[in-house]
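>>> with the sequence up front, the predicted model follows.
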Amino acid sequence: MPPFPHPDRLLPADPRVRAVARRLYQAVRELPILSPHGHVDARLLVDDAPFGDPASLLVSPDHYVTRLLHADGVPLSELGAGQGTPDGPEPRNVWRRLCEHWSVFRGTPVRYWMECELAEIFGIAEPLSSATADAVYDRIAEQLASPAFRPRALFRRFGIEVLATTDDPCDDLAAHRALADDPTWEARVVPTFRPDRYLEPGREDWPKAVARLGEVSGIDTTGYEGYIAALEARRRHFKEHGATSADHSHADPRTDPLEQAEAARIYRDALAGRATEAETTAFRRHMLMEMARMSCDDGLVMTLHPAVRRNHHTPTLRRHGPDTGHDVPLRVEFTDALRPLLERYGTAQGFQIVLFTLDESVFSREIAPLAGFYPSVYAGAPWWFLDAPDAVRRFRRAVTETAGFSRTSGFVDDTRAFCSIPARHDMSRRLDCGFLAELVAEHRLDEDEAVEVAVELVTVNPRKAFKL
């Protein structure tokens, strides 16, 4: 039996190309992880409490896992996903559901990550199934009770040097401050400013969110000028706590500006419940431009990942809450949508924007040409539905010929599943080394150059794109 997981996994099948890829991979496999975009809660590392059980660690918080189980007929209530029920399902039963339906993950990156996690973190190599479910659960649970498997110990073991979280503008960031002030903590855990719900007057909770923004900032947000000032104040708060970027996700990336008087009028009407859908959409697009202006002023990198239909299934949203696996991608257009923003700020000193997408059709048609001209634009790595082996390969082929390697962001894991972070980054490194090995085999790149690129993709690109 070959070792599990196979040491050559994801490397090219051609033996000659694989040999080159192996050498490239050896140059990057042990390098520290820079994670500039993710969703792990900083309080996990402050508290450093033992993980409760295998299911709450590996299944329930990972909507990559729960969504496909749900599609196979397992109710989210039986998986502990989202809000669930007050008591929640018994963790061992959640784990059994995963193992009973393990076959649905064949060929998916979820299976790849999970198998890597189980083998490399917990030393478990046998396949998951109904027959092995309880034994595997018990072995993981036994290890989770050990100090070596607490969050801080695993963080160090994973080799994470920088971890960015995603945070509400009204968060006091006390957890980040506690880590920064802790003399025993050596890594960087930085917040990310995520203002989406404060920029969309069409949302039911927007007036309440804006009122809360005023309370936290100490600035009157009953008028447009105060609202802008409050957002600027909270961005400063985030920068003071180590933030390097602001994260934005809307239905589209249009950045059409409004006259200030018109923006103020729509703001007033939206607070009063009188604004039309067209007006609230126009205001949101105007505010994305305002976010770019603020990024020019305070230096926060602007990351943009638009075109997702959030909470596609309303009954699931009502029962289980958001981020429970029923967000679905949309088509997107960047070239004309971002032109107003890039006309103003595309060559502005210090401004940077990283463009992510779930629509692969724009990689070569729009994102690569934009990143290949504007010094401010970086092509974001495949993420969410696209952070999978074949999609990563397609990204490199689509983007490199126009934007090269230096105009790409480096990998982002974009995950709430803490233990999947090293598996995801290792996957990216293997795939990039495979792509570079093909260029070497085709005599399009010298091997020493390929090593240099492989290392830079891991160590230089994320620092540069996200100002880490």
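Good, I have the coordinates.

>>> drop to CA atoms for contacts and neighbour counts, all remaining ones
OK.

>>> break the protein down into its domains, please.
According to the domain assignment given by automatic domain parsing, the chain is divided into the following structural domains: 50-147, 151-466.

>>> S428 versus the most centrally placed residue in the chain, what's the distance?
Nearest to the mean C-alpha position of the chain, by CA atoms, centre = their mean, lies D414 at 2.1 Å. Going from D414 to S428 by CA to CA, to the nearest Å gives 13 Å.

>>> and for R111?
Using CA to CA, which is the criterion applied here, R111 is 15 Å from S428.

>>> those two - which one has more neighbours?
When R111 and S428 are compared on other CA atoms under 10 Å, the one with more neighbours turns out to be S428, at 26 against 16.

>>> and the nearest residue to that one once chain neighbours are set aside, its phi and psi?
Beyond its immediate neighbours in the sequence, the residue positioned closest to S428 (CA to CA, 6 or more residues apart in numbering) is F411, lying 6.7 Å away. Comment: the main-chain dihedrals of F411 come out as phi -70, psi 140, following degrees, to the nearest 10.

>>> pLDDT score for F411?
What the model reports as pLDDT for F411 is 97.

>>> surely it is in contact with M427?
No. The pair F411 and M427 fails to qualify as a contact (CA atoms under 8 Å) at a distance of 9.8 Å.

>>> looking at the two, which one has more neighbours?
Summary of the neighbour comparison: F411 and M427, criterion other CA under 10 Å, with F411 having more neighbours (27 against 24).

>>> and the residue nearest to S428, how far is that from L457?
Computed with CA to CA, the distance linking F411 and L457 is 8 Å.

>>> what's the answer for F351, then?
21 Å.

>>> any stretches of this structure with poor pLDDT?
The chain contains residues with pLDDT under 70 at 1-3, 83-86.

>>> can you show me the strands along it?
Taking DSSP state E, the strands of the chain run over residues 33-35, 160-164, 188-190, 245-248, 301-304, 308-309, 328-329, 353-355, 377-379.

>>> closest one to F4 among these?
strand 33-35 (22.8 Å; CA to CA).

>>> just the residues contacting stretch 430-449, thanks.
Contacts to stretch 430-449, defined as CA atoms under 8 Å, 6 or more residues apart in numbering, come from residues 9-12, 16-18, 20-22, 24-25, 389, 392-393, 396, 450, 454.

>>> mind checking which of those are buried?
With neighbours counted using 16 or more other CA atoms under 10 Å, these contain these buried positions: 10-12, 17-18, 20-22, 24-25, 389, 392-393, 396, 450, 454.

>>> returning to what we had before: in helices, which of the contacts of stretch 430-449 fall?
Under the assignment DSSP state H, the contacts of stretch 430-449 contribute 16-18, 20-22, 24-25, 389, 392-393, 396, 450, 454 to helices.

>>> identify, from those, the entry nearest to T335.
Closest approach between the ones in helices among the contacts of stretch 430-449 and T335, by CA to CA: R396, at 20.0 Å.

>>> now the closest one: how far from G372?
In this structure, R396 and G372 are separated by 14 Å, where distance is defined by CA to CA.

>>> what does T192 give?
Counting by CA to CA, the gap between T192 and G372 amounts to 26 Å.

>>> contact partners for the closest residue to V74 other than its chain neighbours?
Spatial nearest neighbour of V74, chain neighbours left out: R97 (7.6 Å); criterion: CA to CA, 6+ apart. Contact analysis of R97 by CA under 8 Å, 6+ apart lists V74, E78, L79.

>>> can I get the buried part of those as one ChimeraX selection?
Selecting just the buried residues from the contacts of R97 in ChimeraX takes one command, with 16+ other CA under 10 Å as the test:
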select :74,78,79
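
>>> and A337, what does it touch?
Going by CA under 8 Å, 6+ apart, A337 touches P253, R254, T255, D256.

>>> could you dump those to JSON lines with neighbour count and distance to E442?
As requested, these are exported to JSON lines (neighbours: other CA atoms under 10 Å; distance: CA to CA, whole Å):
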{"residue": "P253", "neighbour count": "24", "distance to E442": "38"}
{"residue": "R254", "neighbour count": "25", "distance to E442": "40"}
{"residue": "T255", "neighbour count": "24", "distance to E442": "42"}
{"residue": "D256", "neighbour count": "19", "distance to E442": "45"}
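
>>> residues near Q260, how many?
Summarising burial for Q260: neighbours were counted as other CA under 10 Å, giving 12.

>>> ok, A423 to W113 distance?
Remark: distance between A423 and W113 (CA to CA) = 6 Å.

>>> what's the answer for A27, then?
22 Å.

>>> out of these two, which sits in the busier spot?
In this view A27 and W113 are compared by other CA under 10 Å, and W113 has more residues nearby, 20 against 15.

>>> measure that one to S428 for me?
With distances taken as CA to CA, W113 is found 11 Å from S428.

>>> one more: D72?
With the distance defined as CA to CA, D72 ends up 28 Å from S428.

>>> what do you get for E78?
The separation that E78 has from S428, given CA to CA, amounts to 32 Å.

>>> could you measure from the spatially closest residue to K464 that is not a sequence neighbour over to A282?
Taking CA to CA, 6+ apart as the measure, K464 lies nearest to S409, with 7.9 Å between them; neighbours along the chain are not counted. Using CA to CA, one obtains 29 Å as the distance from S409 to A282.

>>> related to what we said a few turns ago, out of the strands of the chain, deepest packed?
Mean neighbour counts were taken over the strands of the chain using mean count of other CA atoms under 10 Å, and the top value, a mean of 28, falls to strand 377-379.

>>> what packs against that one?
Strand 377-379 is packed against strand 353-355, helix 368-371, with contacts defined by 3 or more CA pairs under 8 Å, 6 or more residues apart in numbering; DSSP states H and E.

>>> cheers, nothing more for now.
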